[in-house]
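**Q** Predicted structure and sequence below. I'll ask about it afterward.
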Amino acid sequence: MQDAPLHEWMGYDARSGYRKEYLLEDLRLEGRNSAANEPYACGESDANSLKERLYRCEDCFGLEMTCAACCMVSHQQSPLHIIRKWNGSSFERSSLKEIGLRVQLGHTNLKCLCPECGHIDFIVVHVNEIHRINIDFCGCDQRVSHWQQLLWCDWYPATIHFPKTACTRRVLKHFLILTWSSKVLGHEFYTTLERLTDNVGLNVPNSRYKAFMRIIRQFRHIRMMKQAGRGNVVGGIASTEPGGLAVQCPAYISIKFLYALFMALDANFRLKNHLRSSEAGDPGLHTGLAYFIPNRPYNSHILNNASQNDIRSCSGFKTLVHAETKFSNGLWATGVGLCLCAHHDFVRPVGIGDLQKSEQQVISLFYTLVELMLSNRYANMDYIFFSTITPLVLLSVVIFYNIACQWKLNLFKHMLELPDVIQIPIAAAIAAFLFAIPKFHAPAHEEKCSTPRSLNLMPGVGRTDGEGIEQNWAEMNQVANSTKEMGPGSWHDTLDDHFGHHNWRKLTGLGLSLRNKLLLALKEHRQQKEMFAEFEAAINASQRGKWLAMVLAWESDQAQSNPYLIMKTNLTEAQIRAAMAEEEKDAIVPGRVLPHETLPSAFMHLGFSIEETQRRMKADAELISSLSSDQEADLHHRHAGLHRQILRFRSIQNVYMPGIDEWVEQHIVNHSPHPEDIELWLPSTLNAQPRAAMCRHGIETIESELCKGQCRDTLDKIQRANTRACTLIDCINDKYRKLWKALLALIGEGDWATKLQLLSPRHIIGPHDSLEEESSSHSVRRAQDMQNGLGEGFRVLGDNSDAQLNHAARVEWAKACARSLRWEEEVLLLKEEM
């Protein structure tokens with residue numbers, strides 16, 4: 001039963017287990033045991049004087065019971081132990097203070113000729129409970145201040161003068177470790193200590209929660225100063241440089257290109273801070289010395305540059321929308337901006353700044369600043385970035401930012417508006433800075449925007465993904481609720497502490513992390529190198545040389561033709577619709593009335609949109625048995641919305657296809673209650689004769705052109721999709737086949753069919769996918785094609801007769817080359833760092 005200890009403890013089959021024995025032993029600890037029958041011979045009494053054992057220490061080993069005098073003597077050096085007293089039927093709470101113990105400070109022998117009584121209600125917060133203590137300070141000629149005497153015995157005082165509260169170093173460390181690992185709130189921790197003191201709540205000391213949190217702030221500050229060595233240098237705390245308290249990434253030690261500085265930037269609008277105090281009322285103890293940038297110059301810069309405007313020319317750019325809402329009202333800071341080492345995820349010294357914050361003395365002025373700042377967020381990120389990068393010697397800096405395409409446009413212009421101390425020469429910045437978009441965020445950008453800044457294609461970055469900053473946010477967001485009600489200084493100090501712990505964990509785990517990454521990189525590099533060599537062997541040498549020259553030319557000048565993209569010469573559906581809409585508007589002569597306010601092209605697009613919604617809803621309806629109540633209700637809501645769309649479509653259809661209602665009544669097979677099963681009867685679904693009779697304003701031609709555009713868009717999605725995403729591929733392929741059949745019904749076979757061919761599942765396969773699972777019929781057909789010299793195996797890459805194939809092969813070759821090079825760079829980076 002060693003593999004099932006719980007079953008053995010509970011009992012199994014006919015065995016009773018050990019639960020009863022455990023219960024009896026637990027009950028035995030609730031009584032006096034043998035102490036009830038054995039009087040205690042007190043060491044301070046004569047042999048004939050016996051005292052009853054009434055006291056027991058919960059923290060001493062063995063739970064031995066003693067008399068009051070011996071209990072007090074044995075705890076002269078342990079005044080924070082928990083004492084219980086036997087009342088005749090059970091143990092009740094007692095304390096060393098009730099027994100008469102007085103704690104003498106300032107003397108190692110615990111004796112003073114001239115003791116000074118401490119506060120009558122002196123409290124010591126310890127890890128086991130909150131203790132009431134009788135305390136005496138030293139008042140003789142050897143005395144030092146009261147706060148020093150407390151620190152000498154490892155008790156941290158809450159105030160400098162006349163302290164009446166102290167915390168042990170042990171409880172302070174315990175809280176910090178707990179809040180770092182579980183993000184526990186200070187209030188929850190203190191409440192736990194109160195429950196440990198008296199879980200009924202009848203005998204709990206007056207709350208010292210505020211004093212406890214003040215001590216925590218001071219202890220954090222002193223701990224950071226000590227770890228940074230500020231107590232062992234000339235000048236001490238006063239000589240601490242900005243960022244001098246930060247735990248820094250140790251890897252940037254070389255001047256080689258391998259150690260280009262990787263910097264990630266991002267803003268987090270979850271780490272808010274409410275307007276609860278001011279910097280005068282709640283100053284930061286080390287703001288500007290660790291991770292947050294100094295307040296005064298930062299706020300001054302923001303006020304002077306609050307008129308800059310965001311630039312949003314890239315679609316999908318919605319990063320700052322959340323900040324510009326009603327939820328920013330009443331906030332001292334709407335979030336924070338952060339800069340960290342993107343390769344190892346270390347938060348940079350002086351690399352954090354709060355957003356929408358200023359040193360205001362009145363609330364009205366604060367709101368004025370908020371209104372000004374809503375027009376700009378770049379001024380914040382500019383200052384944060386250059387504050388942390390200025391002390392470094394710049395050779396090459398790769399900057400990862402999910403809106404890098406926009407931020408870089410006026411970066412050097414904005415740099416000239418920064419304070420002189422954090423400016424760098426423009427020539428050095430232009431030569432050193434490279435801009436990249438983190439991998440997860442890249443698909444949200446337009447292709448022309450994301451490809452030049454793709455980390456998969458950028459030389460020298462290895463396999464860095466740039467998304468480590470998001471993992472940092474996932475960790476730090478856990479303290480958002482506990483910090484948003486703090487004053488600005490306490491807010492900075494607490495977040496500095498959590499960021500410091502994050503860096504410390506990264507530092508201590510760096511060796512193992514680099515080892516694991518290197519093992520993976522060696523394996524992947526070997527595999528990618530072999531696959532690329534196999535790919536190259538199948539490429540014509542002259543063609544390969546042209547492609548290589550194209551890649552090198554693009555890397556040196558991205559205005560050149562991009563080798564990683566297939567040049568699109570055909571129009572997409574959106575472009576076709578836009579062109580049709582312009583033609584329809586131009587065709588409207590003065591005095592001519594449109595048959596309907598919805599143009600013919602818009603009408604056909606509405607029909608396509610409804611069909612797409614029907615396809616998605618059918619797929620969702622198949623899962624209705626596994627949906628939750630909320631998901632099922634949402635599906636019914638979508639049903640109602642789709643039904644309204646179909647009714648609107650029918651009203652417009654009667655204008656462009658008169659007689660369609662009679663046709664529907666004559667040819668409908670069954671009346672389905674589900675809107676996703678309703679046939680729309682687009683022109684392509686009609687036979688030639690009724691189509692010619694009912695269709696007006698050339699809607700059949702419009703449908704055919706839109707079908708061509710959708711076919712091209714669908715093929716593009718298939719090319720960009722992962723060939724192992726079977727469900728997605730099948731869905732896209734089904735849509736393509738339906739569009740292809742619609743084209744065939746509308747215009748018959750023609751030149752279009754040579755470019756837009758009907759696809760079968762065997763046609764969709766990636767360059768590295770296996771063909772071993774082909775069906776037998778496909779294998780026979782493939783063998784026949786090979787006998788006749790037909791099929792993919794007999795194509796020669798570089799043959800100008802198939803330009804589209806050459807473009808696709810070039811893209812795959814260039815991407816395979818980039819993958820191999822990135823893994824090779826990753827291996828070199830990791831070896832150099834280790």
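**A** All right, it came through fine.

**Q** Leu830: neighbour count?
**A** Neighbours of Leu830 under the rule other C-beta atoms under 10 Å: 24. From N, CA and C alone the C-beta is placed, and that goes for glycine too.

**Q** ok, now which ones touch the nearest residue to it once chain neighbours are set aside?
**A** Nearest residue to Leu830, sequence neighbours excluded (C-beta to C-beta, 6 or more residues apart in numbering): Leu518, at 4.3 Å. For Leu518, the residues meeting the contact criterion (C-beta atoms under 8 Å, 6 or more residues apart in numbering) are Val827, Leu830, Lys831, Met834.

**Q** Please, a PyMOL command that selects the buried ones among those?
**A** Here is the PyMOL command that selects the buried residues among these (16 or more other C-beta atoms under 10 Å):
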select buried, resi 827+830
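
**Q** In the stretch 101-250 of the chain, what residue spans correspond to strands?
**A** 102-104, 115-117, 123-125, 130-132, 134-138, 155-157, 165-168 (DSSP state E, counting those that start in this stretch).

**Q** okay, the ones you listed in CSV with distance to Glu679 and mean pLDDT next?
**A** As requested, the strands of the stretch 101-250 of the chain are exported to CSV (distance: least, C-beta to C-beta, whole Å; pLDDT from 0 to 100):
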stretch, distance to Glu679, mean pLDDT
strand 102-104, 89, 90
strand 115-117, 94, 89
strand 123-125, 75, 95
strand 130-132, 75, 93
strand 134-138, 88, 91
strand 155-157, 78, 94
strand 165-168, 75, 95
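
**Q** okay if I get these as CSV plus mean neighbour count?
**A** Formatted as CSV, those follow (neighbours: other C-beta atoms under 10 Å):
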stretch, mean neighbour count
strand 102-104, 20
strand 115-117, 16
strand 123-125, 24
strand 130-132, 20
strand 134-138, 22
strand 155-157, 22
strand 165-168, 24
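
**Q** Find me the pLDDT at the residue nearest to Leu830, would you?
**A** Here, the pLDDT recorded for Leu518 equals 90.

**Q** cool, Lys523 as well?
**A** 91.

**Q** Are we agreed that it is in a helix?
**A** Yes - under DSSP: H, G, I helix; E, B strand; the rest coil, Lys523 falls within a helix.

**Q** so which strand or helix has the most centrally placed residue in the chain?
**A** When C-alpha atoms, centre = their mean is applied to the chain, the residue found nearest the centroid is Glu470 (3.1 Å). Taking DSSP states H and E as the criterion, Glu470 maps to helix 468-476.

**Q** try Leu457
**A** Of the helices and strands defined by DSSP H and E, none includes Leu457.

**Q** What's the local residue count around it?
**A** The number of residues packed near Leu457 is 24, by other C-beta under 10 Å.

**Q** pretty sure it is touching Thr451, no?
**A** Yes - using C-beta atoms under 8 Å, Leu457 makes contact with Thr451 at a distance of 6.9 Å.

**Q** who touches both of the two?
**A** Common neighbours of Leu457 and Thr451, counting by C-beta under 8 Å, 6+ apart, are Tyr564.

**Q** in the stretch 51-200 of the chain, which spans are helices?
**A** Taking DSSP state H, counting those that start in this stretch, the helices of the stretch 51-200 of the chain run over residues 68-74, 96-99, 146-152, 169-182, 186-197.

**Q** Looking at the contacts of Leu518, which are in strands?
**A** Among the contacts of Leu518, DSSP state E puts none in strands.

**Q** Compile the contacts of Leu518 into CSV and extend it with columns for pLDDT and distance to Ala69.
**A** Shown next, in CSV, are these (pLDDT from 0 to 100; distance: C-beta to C-beta, whole Å):
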residue, pLDDT, distance to Ala69
Val827, 88, 72
Leu830, 86, 67
Lys831, 85, 69
Met834, 76, 63
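
**Q** Just the contacts of Leu518: which are in helices?
**A** In this view, those that belong to helices under DSSP state H are Val827, Leu830, Lys831.
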